[in-house]
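Engineer: coordinates for the following, if possible.
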Amino acid sequence: MKTLTLAVTTILVFTSSVIYSQKFKVTLDAGHGDHDYGAVYHGHIEKNIALAVVLKVGRILEKRSDIDVIYTRKTDQFIDLVERANIANRADANIFVSIHCNANPNNAADGCETYVMGLSKNASNLEAAKRENSVITLEKDYKQKYEGFDPKSPESMIGLTMMGEEYLNNSISLAGKVQEQFMNVGKKSRGVKQAPYMVLHKAYMPRVLIEMGFISNPTEGAKLDSEAGQQEIAESIANAIIGYKKENFETGNDDAVKPSQKVEPIKVVDSAVKKPTAKIPEIKKPEASKPEIKPEPVSTGVATFKVQLSASGTRLDTTPSNFKGLSNISVSSEGSLYKYMYGETSSYDEAKRLLSEAKAKGYGSAFIIAYRNGKKVSVQEALKQ
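Structural biologist: Next comes the predicted model:
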């Protein structure tokens, strides 16, 4: 009996230690460092702001026992772009989050945007990527290390292939949550965008690059460089990471992040796709023009897949004319946001076909979502059963 008790105790201790060790790993990357100052405007220095925010995000996340935080740098030091990604790869991180400040010669430019790795023909996105990628010229032997990659050449950047396209949907999901959280504190959203960033290119996991705001804008720059402004941004980013973890690595969403007051709608942008110039009028007359908000699918354990097309603060009628000819559109509300989905199927292969169809219509940032028994679950969880 003693032997049996000891064996059972050993198994329980081993099992609990395995479960405890399965933490969600987040790699936080503070852009620039040391002799690489990043953007400098009005006395505000990007490398210092990025590091201050990263350390604040890290402190928030480290209070949770279910999250491990890995830093690419915790001091004012220079880290090669490829090494930043390698730090995340070696740690086998679940996500990689690179934090930066934006800049523009036009000092009136403002707002936040979050990038995922992707090819882009959009001039402003390419310029942003060129600015960040130019850091490699400060590295020793960068021509050999990056195999002749030229950060000043748009053709060279467009030549970057999508590494691990299976991470794109999750990257877009994480980026969308960052923008939602920023909007919840009243920040202007410039959307989720794609661009060929070298630091994202080499990280093999869902990864995003956050431009917190324009350091070149006197008002926004001053807020970015303030203790209160940095804390607000850090809490937003931490909440987005926690929300992403709940949605993709946990079965329930009962502890979701609370939405705050209504703010301007999130823009989920596929920069390579030309958008129609005509504005869709906002529907103000309530009952007549409100779209039917269908309840999420309820089933007996069978997973149901949909394709999320966009998220917006504007409520649209679900007619095909509002969705580039696509029919079978459903909508769900989450706080001040409306999420528009296309199709509904229990077949993952069919869901992938619907995704291809949505992208062909111009929804380049669309991605597959899953439900079981009326609750949203990760696609990975849905596929397990």
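Engineer: need the three-state assignment for Leu61.
Structural biologist: Here Leu61 is helix, with the state taken from DSSP: H, G, I helix; E, B strand; the rest coil.
Engineer: you'd agree Tyr342 is in a strand?
Structural biologist: Yes. Tyr342: assigned to a strand according to three-state DSSP.
Engineer: what confidence value was assigned to it?
Structural biologist: In this model, Tyr342 is scored at 93, pLDDT.
Engineer: okay, stretch 226-233 in CSV with CA atoms only?
Structural biologist: Extracted C-alpha coordinates of stretch 226-233, given in CSV (Å, rounded to 0.1, in the frame of the first residue of the first chain):
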residue,chain,number,x,y,z
SER,A,226,5.4,60.8,-20.1
GLU,A,227,5.1,58.3,-17.3
ALA,A,228,1.3,58.4,-17.4
GLY,A,229,1.2,58.0,-21.2
GLN,A,230,3.7,55.1,-21.1
GLN,A,231,1.7,53.3,-18.4
GLU,A,232,-1.6,53.7,-20.3
ILE,A,233,0.1,52.2,-23.5
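Engineer: neighbouring contacts of it?
Structural biologist: Ile49, Ala52, Val53, Lys56, Phe182, Val185, Met212, Gly213, Ala222, Lys223, Leu224 (CB atoms under 8 Å, 6 or more residues apart in numbering). From N, CA and C alone the C-beta is placed, and that goes for glycine too.
Engineer: just the buried subset of those, please.
Structural biologist: Among those, the ones that count as buried by 16 or more other CB atoms under 10 Å are Ile49, Ala52, Val53, Lys56, Phe182, Met212, Gly213, Lys223, Leu224.
Engineer: which of the helices or strands spans the fourth one?
Structural biologist: Assigned by DSSP states H and E, Lys56 falls within helix 46-62.
Engineer: list the helices and strands that helix packs on?
Structural biologist: strand 24-30, strand 67-71, strand 95-102, helix 227-249 (3 or more CB pairs under 8 Å, 6 or more residues apart in numbering; DSSP states H and E).
Engineer: quick check: angle from that helix to strand 95-102?
Structural biologist: 140 degrees (axes from the mean of the first three to the mean of the last three CA atoms, to 10 degrees).
Engineer: got the angle for helix 46-62 vs helix 227-249?
Structural biologist: 50 degrees.
Engineer: apart from its chain neighbours, what residue comes closest to Ile87?
Structural biologist: Excluding the flanking residues, the one nearest Ile87 by CB to CB, 6 or more residues apart in numbering is Thr72, at 5.0 Å.
Engineer: you'd agree that neighbour is up against Val26?
Structural biologist: No. Counting by CB atoms under 8 Å, Thr72 stays clear of Val26, with 11.6 Å between them.
Engineer: shaky segments in this protein?
Structural biologist: 1-21, 118-166, 250-301, 312-313, 334-337, 364-365, 385 (pLDDT under 70).
Engineer: show me where the stretch 101-250 of the chain has its strands.
Structural biologist: 112-117, 189-195, 207-214 (DSSP state E, counting those that start in this stretch).
Engineer: please parse this protein into its domains.
Structural biologist: 22-249, 286-384 (automatic domain parsing).
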